[in-house]
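Asks: Below are the sequence and a predicted model; questions follow.
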Amino acid sequence: LQSNFIGNKYVAYKSSSSSTPSSSTTSCGPSVECLAVHWHSTMLQITPSRGVSVLMPSTTATHHELQATPISKRWDKTQDEDVILLKHSETEWDPVGRRYYLDFGGRVTEASSKNFMLHIPGMDNCIVFICGRAGKDAFVCDFVEPLNEIQAFAIALSSFDF
């Protein structure tokens, strides 16, 4: 996982096996971007939730396509079939408790600025990632397809750094 100078954009890499023995970067083959994370500043927003967008290759993306145009350079092409965009779920106002909240279904038990959920835009009821505080020194990280273990862990790591 690599961040930019400001620390609000991250790129996760994976090594790929090379078909030729004389690979240029490592013995395992060249690195390929498998995830791009962009944390948005909340200074001008009314709601206190931190904004995050995640861009990742779809399951149909080929190795050649990923090497030709890195994931981190595709933010303006999120409608392409070979990329998947994930967005943070917006907080909702609770008039009784007079606070903003997200419904984590009981998985996240303590309030924290690090709590967030991701969904595929247009499919708001389909949460694909949950990260949040479950105790003093305990956090949960739940995910489903299209994310894999490495991608989910990279998103969680980026949330603690930002």
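Replies: Received, thanks. Residues are numbered from 1 along each chain as shown.

Asks: which stretches of the protein form helices?
Replies: All helices of the chain, identified by DSSP state H, fall at 63-68, 149-161.

Asks: What residues of the longest one count as buried?
Replies: With burial defined by 16 or more other CB atoms under 10 Å, the residues of helix 149-161 counted as buried are 151-152, 154-159. Where C-beta positions appear, they are placed from N, C-alpha and C, glycine not excepted.

Asks: Have a look at the protein and report the helix or strand with the lowest mean pLDDT.
Replies: Scoring the helices and strands of the chain by mean pLDDT, DSSP states H and E places helix 63-68 at the bottom, with a mean of 65.

Asks: residue ranges with poor pLDDT in this protein?
Replies: Scanning the chain for pLDDT under 70 picks out 7, 16-30, 41-50, 61-68, 77-80, 124, 161-162.

Asks: which non-adjacent residue is nearest N8?
Replies: Once flanking residues are discounted, N8 sits nearest to W39: 4.5 Å by CB to CB, 6 or more residues apart in numbering.

Asks: hmm, back to that, just the closest of the buried residues of helix 149-161 to K9, please.
Replies: S158 (9.0 Å; CB to CB).
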